[in-house]
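# need a 3D model of the sequence below.
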Amino acid sequence: MSTDTQEVDLRTYLGVLRRRKWWVILFSAVFVVGALAYSFAATTEYSATAQLLVQPQNGNVTFTGTPQTITPTDVATELQLLTGAPVVDAVKARLHLSQLNVKVAEQGQTDVIVVTATNHRPAQAALVANSYAKEFVNYETSLATKTLTNLALELQRQISAIDQELTSAKGTPQQTALANQEAVLKEQAAQLAVSGAETTGGVVVTSLATAPTIPSSPKKVENGLIGLVVGLLVGLGAAFVVDSLDDAVYSTDDLERAAPHVPVMATVPIVGSWRNRGMPVVVSLSEPTGGAAEAYRSLRTSLQFMAQDSSIGSVLVTSPMAGEGKTSTISNLGVVLAKVGQRVVLVSADLRQPRLASFFGLDESVGLTSVMIGESTLDDALQPVPDVPGLTLLGCGPRPPDPAELLSSPAVTQIFDGLTQRFDMILVDSAPLIPVTDPLLLCPFTDATLLVVAAGQTKKGQLQRACERLAQASAKRVGIVFNEVKGETEYGYNYGYSHAYNGSSVVPSSNGHAAEPAPQAFGDGPRGRQTTPG
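Have a look, this model is predicted:
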């Protein structure tokens, strides 16, 4: 895998985590709280441990004189006997308990066995562990004593049998052999007698349990950490699953995949004041030094580069669906263009839900449709925008019953011809592309189209459909404005400059942003041009 691919994948994963961080936080918090709630609700338990040493059964040598050794099999056998019913029943009877919470295990690769008892009372835990160990030693001792007793009885039986044979074998050659055999058996019997007095049963207690002072469970810190790890894993899984099911556009990578042939003109960060849709704000005026205002100045620069091959005197601004920020985009673009000396007119051509005038505190009652139906002249319908020299508004006017039919009338051509004679730049705010055909009817009157896409809101399918509709309408010079982006994008606000327009580039300034070119017009002032569809 190439380095570029690795960087893209890492950036994609980080983008998913940034967008879905609340899923990770939510699941982590739920699992941590759950683990801690369980820990605080659970009964406090204490564990006490006693140690047993497995050794040769009699602590002595065998009849052959070879030392006895302990094998792993011997330790495993003792573990099985330790958990057997005779020992458990003996401890229950001794302590008058109905249940025992005891675990036994081999300590590493040694001959030591640990007996761990758990109880909600520390002293009781130690008592159970010690009683268990002692009862097992007693049990092992009784087994060893029984074994030695049986062996002694067997030797005595053999000695008695030899005594009878000696009585009948007196004076025969067998007498000496039988006498030697009897002597050996008597010696073994004597050794058994000594061993019987010394036997420990093969297991001895090496360490008695003491009452613990620290609980063994619940382990609140450990449980909390486990809950955190599990919550993080579940949260990460949920984040990626939710993101894979979400068709919204979140990054410029998503834009490139959904619309690979449409350049991104600017990336506009989200502004807190935009959350209140009922209070339109022109951030280029209210926050002229903010990131969003800088993004709109970058959009102005992108349009200037777009205009290098041929003049651009009019721009259509639309979006795939409603509520994606097309009206705020055109308002701010108009302000930044006017501030560099351009004569700009904003045309409120969204005849279904006009909002453009509200951004500047103006009136929509007289405007485009008023001129179309002859109720007003174009000069009378134009409204200068207060405090922004060079910026003018042509409002919507009375809403028509059939906007598409009205926008198809010859009067539109006359209005655009009149605006072309009066202004350097015409910015047209239209209805969304997918629900209605209004923007497609306006495409022939404009030199470029800006498609506003809202991060986290616009779906990839909607973006693709919008681009298809613009292509079908033969829209000229289509570019995307990536709006309401949360946080810094990987390419910054000037994303589209260096590669979108036939190799055009912008020299960065010392502050990291692209240096704006000197203010320039998109044509030679008032001019005539073909506005008739065709």
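# what's the neighbour count on T446?
Neighbourhood size, T446 [other CB atoms under 10 Å]: 25. All C-beta spots, glycine's among them, are computed from the backbone N, C-alpha and C.
# can you offset everything so residue one is 642?
In the new numbering, first residue 642, that becomes T1087.
# alpha carbons of stretch 678-691, as PDB, please.
The C-alpha trace of stretch 678-691 is given here as PDB (Å, rounded to 0.1, in the frame of the first residue of the first chain):
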ATOM      1  CA  ALA A 678     -22.500   0.400  39.600                       C
ATOM      2  CA  TYR A 679     -22.000  -3.400  39.700                       C
ATOM      3  CA  SER A 680     -18.900  -3.000  41.700                       C
ATOM      4  CA  PHE A 681     -20.500  -0.800  44.300                       C
ATOM      5  CA  ALA A 682     -23.600  -2.900  44.500                       C
ATOM      6  CA  ALA A 683     -21.800  -6.200  44.700                       C
ATOM      7  CA  THR A 684     -21.100  -7.800  48.100                       C
ATOM      8  CA  THR A 685     -17.500  -7.200  49.300                       C
ATOM      9  CA  GLU A 686     -15.600 -10.400  49.400                       C
ATOM     10  CA  TYR A 687     -12.300 -11.300  51.100                       C
ATOM     11  CA  SER A 688      -9.900 -14.100  50.100                       C
ATOM     12  CA  ALA A 689      -7.500 -16.000  52.400                       C
ATOM     13  CA  THR A 690      -4.900 -18.500  51.200                       C
ATOM     14  CA  ALA A 691      -3.200 -21.500  52.900                       C
END
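# mind listing what's buried in that stretch?
Within stretch 678-691, the residues that count as buried by 16 or more other CB atoms under 10 Å are 680, 686-691.
# again, but for stretch 873-891
873, 875-877, 880, 884, 889-891.
# so what touches that stretch?
656-658, 660-662, 664-669, 672, 896, 899, 1094, 1096-1102, 1104, 1123 (CB atoms under 8 Å, 6 or more residues apart in numbering).
# now restrict those to buried residues only.
Buried members of the contacts of stretch 873-891, scored by 16+ other CB under 10 Å, are 656-658, 660-661, 664-665, 667-669, 672, 896, 899, 1094, 1096, 1098-1101, 1104, 1123.
# so which of these belong to strands?
In strands, defined here by DSSP state E, the members of those are 1094, 1123.
# returning to what we had before: got TSV for the buried residues of stretch 678-691, with distance to V1053 too?
TSV is the format used below for the buried residues of stretch 678-691 (distance: CB to CB, whole Å):
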residue	distance to V1053
S680	72
E686	83
Y687	88
S688	87
A689	93
T690	92
A691	97
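# and stretch 792-812, how far out from the chain's middle?
86 Å (CA atoms, centre = their mean, to the nearest Å).
# do the same with stretch 1001-1014
Here the centre of stretch 1001-1014 is set off from its chain's centre by 50 Å, with CA atoms, centre = their mean.
# mind listing what's buried in that stretch?
Quick answer for stretch 1001-1014 (16+ other CB under 10 Å): 1001, 1003, 1005, 1007-1013.
# how much space between L997 and V1069?
Separation of L997 from V1069 (CB to CB, to the nearest Å): 10 Å.
# any common contacting residues for these two?
Contacts common to L997 and V1069, judged by CB under 8 Å, 6+ apart, are I971.
# what sits against K980?
Neighbours of K980 in contact, by CB under 8 Å, 6+ apart: 925, 1029, 1031.
# in strands, which of those appear?
Among the contacts of K980, no member is found in strands (DSSP E).
# of the residues you listed, which is the most crowded?
S925 leads the contacts of K980 on contacts (other CB under 10 Å) with 26 neighbours.
# looking at it now. What's its pLDDT?
pLDDT for S925: 92.
# surely it and A934 touch.
Yes. With contact defined as CB atoms under 8 Å, S925 counts as touching A934 (4.7 Å).
# give me the common contacts of the two.
Listed as contacting both S925 and A934 by CB under 8 Å, 6+ apart are 973, 977.
# which ones among the contacts of K980 map onto helices?
Within the contacts of K980, residues falling in helices by DSSP state H are S925.
# export the contacts of K980 to a markdown table and tack on distance to L940?
Output for the contacts of K980, formatted as a markdown table (distance: CB to CB, whole Å):
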| residue | distance to L940 |
| --- | --- |
| S925 | 10 |
| V1029 | 17 |
| G1031 | 17 |
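# of all the contacts of K980, which comes closest to A1116?
Comparing the contacts of K980 against A1116 with CB to CB places S925 closest, at 25.7 Å.
# for L651, see how far away the closest residue in space to F1123 that isn't next to it in sequence is.
Leaving aside its sequence neighbours, F1123 sits nearest to T908 (CB to CB, 6 or more residues apart in numbering; 4.5 Å). In this view, T908 and L651 are 20 Å apart by CB to CB.
# these two: who's more crowded?
Taking other CB under 10 Å, T908 and L651 do not tie; T908 has more neighbours (27 against 10).
# quick one, phi psi at the more buried one?
Backbone torsions of T908, given as degrees, to the nearest 10, read phi -120, psi 110.
# quick check, G1031 in contact with V977.
No. If you go by CB under 8 Å, G1031 and V977 don't touch, sitting 11.2 Å apart.
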